[in-house]
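Asker: Below: sequence and its predicted model.
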Amino acid sequence: MGEGGFCGRLLQLPPITGALMSFNRFSLHPHILQAMHQCGYTAPTPIQEQAIPPILGRRDLLGLAQTGTGKTAAFAVPMIHHLLQTPAKGVRALILAPTRELAEQINDFIRTIIDKTGLRCIAVYGGVSKQKQIGGLRNGADIVVACPGRLLDLLNDKVLDLGQVEILVLDEADHMFDKGFLPDIRRILRQLPKQRQSLVFSATMPAEIRHLAEDMLHDPVTVQINPTRSVDGITHHLYAVEQGQKTSLLMSLLQEETMTSTLVFTRTKHRAKNLALQLTRSGVKATSLQGNLSQNKRRQALDGFKSGTFNVLVATDIAARGIDVSGISHVINYDVPDTAEAYIHRTGRTGRASRTGDALTFATGEDGRMIRAIEGVLDNRMCRHGLPALPAAATRPRLQETGEEKKRPAAARSPRQGRKGGAENGRPQRKSGTGLNVFGLSRRSE
C-alpha cells in the first residue's frame with residue numbers, strides 16, 4: 001500500500017475479498033478495510049506490517065523508512081481505527097508536517113479513508129488566508145494536519161484547543177527537528193496533554209536527531225525498514241564537472257527523450273528559481289518549487305509536473321517534502337546533498353512501486369568526501385561517466401580518492417540509454433573522450 005494514487009471520494013463500499021484479507025488480520029474497523037479496497041490497495045508494505053500492530057496497541061513509535069514505502073498509511077490507518085472505535089468530540093489527532101505539500105498529501109489520504117464516517121480532517125498551513133481554515137476548525141475537526149508556523153498562529157488567536165489530543169504524529173521528522181522547526185515544535189508540545197500517544201516517522205534520521213525524537217517518546221517501539229538503503233531498481237550515476245559547467249551538462253542530458261519526468265535538486269531556493277528560468281529560456285518545459293513561491297504558485301508548479309505540462313521540476317530538499325508524483329524517470333543532484341541520508345531520500349523519488357529509475361549526481365572537486373560517504377551507504381560505486389562536449393571550463397575536477405577508490409571504475413550504462421543490451425552485467429561500457437576517468441585519473445586498459 002503506497003502513499004500515492006489517492007482514489008478520490010468513495011462512491012460505494014463493495015464486499016471485502018481476496019488479498020485485502022491480509023489487512024483484515026489487523027482487526028481494523030470495517031469501514032477502513034472497505035475504503036482501502038475501494039482505492040485498490042491489496043497488501044501492507046513492510047513499514048505498515050511492522051508499525052500498525054504496535055500503534056493499534058497504543059504504543060509510542062519511531063518509524064524509519066525511506067520515501068515511497070507507505071509511511072502515511074502506517075500511521076493514518078491505525079489512528080483512524082482508534083478514532084472510529086472511541087467516538088468523542090474535539091481535535092483528537094494532530095499531525096505535524098514540514099511543508100504545505102506534505103500536509104495536503106496526508107490530508108487527501110485521510111479524507112479518502114474517513115469519507116462517510118462522520119470524522120472530519122482539515123489541513124492548516126501558511127501561504128493562504130487563515131479565514132477559510134478558521135471556518136473549517138469552527139465547524140469541527142477530529143484530525144488536524146498542520147505546518148508548525150500556521151498552527152502556532154491559530155493557537156495564539158485562540159481558534160484552536162489542543163487539550164483533547166490523544167495522538168500526535170510528527171512526519172518527516174528529520175526536517176521537523178531541524179534548527180528552524182525545533183522551537184516551534186517545543187511550543188506546540190507544551191499545549192498538548194502529557195498523556196498521549198506519540199508517533200515519529202521519517203525517511204532519514206541522523207543519530208543526533210534520533211535522540212531528540214526519543215526524548216519525547218515513552219518506551220517507544222522502533223521500526224526500521226532500511227532507512228539508509230537505496231531503493232532497488234535505481235541505477236546511480238556520477239559526473240565530475242566544474243561548477244560553471246553544470247547547467248550546460250544538465251541541458252545536454254535533458255535533450256534525451258528518455259528523460260520524460262525529471263526532478264532536479266539544488267542546494268538553495270535562489271538557485272532553484274534561476275536554474276528553472278534558464279531551462280525555460282532554452283526551451284525546456286521546466287518549473288521550480290521553492291520557498292519564495294505563494295501557495296497558489298507552488299500548487300500550479302506541482303500540478304503541472306504531475307500532469308506533464310512541465311517535464312522538469314527544480315526543487316530544494318525542504319520544498320520537495322510531500323512531492324507525491326508517480327513515474328519520475330530521473331532524479332538529478334545538481335548540487336550534492338549535505339548527507340548520505342538526504343541522498344537516499346532524494347533519489348527515492350524515482351524507482352518507486354517496483355519501477356526502475358536513474359539518479360544522476362554532478363560532483364565538483366570539493367564533493368569527494370561526500371561522494372565516498374554516499375557510496376558507503378550504497379555499498380557500491382556509482383557508475384562513472386565522461387562528459388559530453390561542453391563549453392570550455394577549468395581543468396576537470398579531481399576528487400580526492402583513497403587507494404581503494406583508485407581501482408578500475410565500474411562499468412556503466414548511460415542513464416539516457418535503455419536498460420536492455422550492453423556489455424558487463426547487461427550495461428554498456430562508456431568511456432570518456434579524453435582517455436581519463438571522471439576523477440581525472442588515467443584509465444587502465446579496457
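Answerer: Looks like it arrived, so ask away.

Asker: how much space is there between the closest residue to R111 other than its chain neighbours and I106?
Answerer: Excluding its sequence neighbours, the residue lying closest to R111 (C-beta to C-beta, 6 or more residues apart in numbering) is C121, at 5.3 Å. All C-beta spots, glycine's among them, are computed from the backbone N, C-alpha and C. Separation of C121 from I106 (C-beta to C-beta, to the nearest Å) stands at 9 Å.

Asker: Of the two, which one has the most company?
Answerer: More crowded of C121 and I106, by other C-beta atoms under 10 Å: I106, with 27 against 24.

Asker: what are the phi and psi angles of the residue nearest to R111?
Answerer: phi -130, psi 140 (degrees, to the nearest 10).

Asker: The helix or strand bottoming out on mean pLDDT in the chain: which residues count as buried?
Answerer: Here the helix or strand of the chain ranked lowest by mean pLDDT, DSSP states H and E is helix 21-24, holding a mean of 70. Neighbour counts using 16 or more other C-beta atoms under 10 Å place F23 of helix 21-24 among the buried residues.

Asker: Quick one: mean pLDDT for stretch 177-185?
Answerer: The predicted model assigns stretch 177-185 a mean pLDDT of 77.

Asker: mind saving the C-alpha coords of that stretch as CSV?
Answerer: Once non-C-alpha atoms are left out, stretch 177-185 reads as follows in CSV (Å, rounded to 0.1, in the frame of the first residue of the first chain):
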residue,chain,number,x,y,z
PHE,A,177,13.6,18.7,14.1
ASP,A,178,15.8,21.0,12.0
LYS,A,179,17.0,24.1,13.9
GLY,A,180,14.3,26.1,12.3
PHE,A,181,11.4,23.9,13.4
LEU,A,182,12.5,22.7,16.8
PRO,A,183,11.5,25.8,18.8
ASP,A,184,8.0,25.8,17.2
ILE,A,185,7.7,22.0,17.9
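
Asker: Pull out the buried positions in it.
Answerer: Quick answer for stretch 177-185 (16+ other C-beta under 10 Å): 177, 181, 184-185.

Asker: Can you show me the helices along the stretch 1-150 of the chain?
Answerer: With helices called from DSSP state H, counting those that start in this stretch, the stretch 1-150 of the chain shows them at 21-24, 30-38, 46-56, 71-85, 100-114, 130-138, 148-156.

Asker: any chance of those in a markdown table, plus distance to D367?
Answerer: Shown next, in a markdown table, are those (distance: least, C-beta to C-beta, whole Å):
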| stretch | distance to D367 |
| --- | --- |
| helix 21-24 | 44 |
| helix 30-38 | 43 |
| helix 46-56 | 31 |
| helix 71-85 | 29 |
| helix 100-114 | 28 |
| helix 130-138 | 42 |
| helix 148-156 | 32 |
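
Asker: tell me the SS of the closest residue to S288 other than its chain neighbours?
Answerer: Spatially, and ignoring its direct neighbours in sequence, S288 is nearest to A276 (3.7 Å; C-beta to C-beta, 6+ apart). Per DSSP: H, G, I helix; E, B strand; the rest coil, the secondary structure class of A276 is helix.

Asker: Hmm, A276 is touching A315, no?
Answerer: No - in this structure, A276 is not within contact of A315 by C-beta atoms under 8 Å, at 9.2 Å.

Asker: Is there a neighbour count for V145? I'd like the number.
Answerer: 29.

Asker: I meant Q243, not that one.
Answerer: 14.

Asker: and it, backbone torsions?
Answerer: According to degrees, to the nearest 10, Q243 has phi -60, psi -40.

Asker: Tell me how far N24 lies from H37.
Answerer: Per C-beta to C-beta, N24 is found 10 Å from H37.

Asker: likewise H218?
Answerer: 35 Å.

Asker: Tell me which of these two has more neighbours.
Answerer: Set H218 next to H37 and count neighbours by other C-beta under 10 Å: H37 wins out with 20 against 12.

Asker: Now do that one against S326, distance only.
Answerer: Relative to S326, and taking C-beta to C-beta, H37 is found at 20 Å.

Asker: cool, and G126?
Answerer: For G126, the distance to S326 - C-beta to C-beta - is 27 Å.

Asker: ditto for N139
Answerer: Distance, N139 to S326, by C-beta to C-beta: 33 Å.

Asker: Between those two, which is the more surrounded one?
Answerer: S326 (13 against 9).

Asker: SS state for that one?
Answerer: Here S326 is coil, with the state taken from three-state DSSP.

Asker: from memory H29 sits against L84, does it?
Answerer: Yes - H29 lies in contact with L84 (C-beta under 8 Å); the separation is 4.6 Å.

Asker: Quick one: end-to-end length of stretch 280-290, please.
Answerer: 16 Å (C-alpha to C-alpha, to the nearest Å).

Asker: got a list of contacts for it?
Answerer: Residues outside stretch 280-290 that contact it (C-beta atoms under 8 Å, 6 or more residues apart in numbering): 101, 251, 254, 269-270, 272-273, 275-277, 279, 298, 300-302, 304-305, 309-316, 319-320, 323.

Asker: who does N333 bridge with?
Answerer: In this structure, N333 bridges to F265, T361 when assessed by DSSP bridges.

Asker: how about it, what does it touch?
Answerer: 265, 343, 346-347, 359-362.

Asker: Tabulate these in a markdown table, adding columns for neighbour count.
Answerer: Shown next, in a markdown table, are the contacts of N333 (neighbours: other C-beta atoms under 10 Å):
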| residue | neighbour count |
| --- | --- |
| F265 | 26 |
| Y343 | 28 |
| R346 | 22 |
| T347 | 29 |
| A359 | 27 |
| L360 | 26 |
| T361 | 26 |
| F362 | 24 |
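
Asker: Return the member of those nearest to E172.
Answerer: Set against E172, the nearest of the contacts of N333 by C-beta to C-beta is R346 (13.2 Å).

Asker: Need the pLDDT of that closest one.
Answerer: With respect to pLDDT, R346 scores 86.
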